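*Asks:* sequence and computational prediction follow.
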Amino acid sequence: MRRIAVLVSGGGTNLQALIDAQGSVLKSGKITLVVSNNAGAYALERAKNAGIDTAVVLKKELGSQEAFETKLMEILDENKIDIIILAGFMTILTARFTGHYPKRILNVHPSLIPAFCGEGFYGLRVHEEALRYGVKVTGATVHFVNEIPDGGEIIAQKAVYIEDGDTPEILQRRVMEQAEWVLLPQAAETVCATLVTLGGN
Ligand code: GAR
């Protein structure tokens, strides 16, 4: 059983989807830790309700990106984490961090990469831009995380249609329901199962 850490910043609906998938879709991994860079994140409550250990790491307190990433790595390594899932984790990680966990970090992004992604494209902003551009199809992507924001190898994608009258909020909800909450647990299982089969670290 692979040990999974989920990194969050906000509401944590993707974390909830992962928690709910444990034992059914997600069989080869177990969420053993949730880390937030925001002490007020509702995702922390979801973790506590599910009996999962939590940690809060604040960049402001630590003083620099380097110190923030060092602390994160310490916590992840202490907890013997195999797989890191970024689920609405709204901060960019440098090559120093991503290079420490090659093909071990997954991210869910609410568009079909390479559209509407990269630095500055997060949360509702992604859906605002998709609507502004006028695309008819959007979706979600789960990908490995490397030093390029949203630039790592794609693991899975799912398309979602835009409908007349969509607002960024309506579209965000549809992309979550139809794509993110389905795709992320499946992709987590695929990655955990592959590691289990290989048996190595
Ligand atoms: C999700 O839509 C996720 O894909 C997105 O933020 C939302 C977090 O919601 N992530 C990004 O935009 C990353 N670039 P949640 O906290 O309810 O899971």
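*Replies:* Yes, it's here. In this text, all values refer to a predicted model and were calculated from it rather than measured experimentally.
*Asks:* what pLDDT does the model give residue 92?
*Replies:* According to the predicted model, the pLDDT of residue 92 comes to 86.
*Asks:* these two touch, right, it and residue 151?
*Replies:* No: using CB atoms under 8 Å, residue 92 and residue 151 do not qualify as a contacting pair, with a distance of 11.3 Å. Heads up, the C-betas are built off the backbone N, CA and C, glycines and all.
*Asks:* from residue 28, how far off is residue 184?
*Replies:* Taking CB to CB, to the nearest Å as the criterion, residue 184 is separated from residue 28 by 15 Å.
*Asks:* these two: who's more crowded?
*Replies:* For residue 184 and residue 28, the more surrounded residue by other CB atoms under 10 Å is residue 184, and the numbers stand at 28 against 18.
*Asks:* identify the residue spatially nearest to the more buried one, adjacent ones excluded.
*Replies:* On the basis of CB to CB, 6 or more residues apart in numbering, the spatially nearest residue to residue 184 that is not a chain neighbour turns out to be residue 108, at 4.8 Å.
*Asks:* now do the strands in the protein.
*Replies:* 2-8, 29-36, 53-56, 83-86, 105-109, 137-144, 154-161 (DSSP state E).
*Asks:* so which bits of the protein are right by the ligand?
*Replies:* Applying the criterion CB under 6 Å from any ligand atom, the portion of the chain that neighbours the ligand consists of 10-14, 43, 87-88, 108-110, 122-123, 126, 176, 180.
*Asks:* looking at those, which is nearest residue 100?
*Replies:* Set against residue 100, the nearest of the residues of the chain next to the ligand by CB to CB is residue 87 (19.3 Å).
*Asks:* tell me who's in contact with the residue nearest to residue 184.
*Replies:* With contacts taken as CB atoms under 8 Å, 6 or more residues apart in numbering, residue 108 has the following neighbours: 14, 85-88, 140-142, 180, 183-184.
*Asks:* recalculate using a threshold of 10 Å.
*Replies:* In this structure, residue 108 makes contact with 14, 17-18, 85-89, 140-143, 155-156, 176, 179-181, 183-184, 187-188, judged by CB atoms under 10 Å, 6 or more residues apart in numbering.
*Asks:* can you check residue 62 too?
*Replies:* Taking CB under 10 Å, 6+ apart as the criterion, residue 62 is in contact with 68-72.
*Asks:* where do the helices sit along this protein?
*Replies:* If DSSP state H is used as the criterion, the helices of the chain fall at 13-21, 42-49, 59-62, 65-78, 95-98, 124-133, 168-175, 181-198.
*Asks:* quick one: contacts of the second one?
*Replies:* Read that as helix 42-49. Outside helix 42-49, the residues that touch it by CB under 10 Å, 6+ apart are 6-16, 18-19, 31, 33-36, 38, 41, 52-56, 87-89.
*Asks:* on that earlier part again, what do residue 92 and residue 151 both touch?
*Replies:* Contact criterion CB under 10 Å, 6+ apart; residues bridging residue 92 and residue 151 by contacting each: 118, 145.
*Asks:* against residue 158, how distant is the nearest residue to residue 86 once chain neighbours are set aside?
*Replies:* The spatial neighbour of residue 86 that comes closest, neighbours along the chain excluded (CB to CB, 6+ apart), is residue 107 at 4.2 Å. If you measure residue 107 against residue 158 using CB to CB, the figure is 15 Å.
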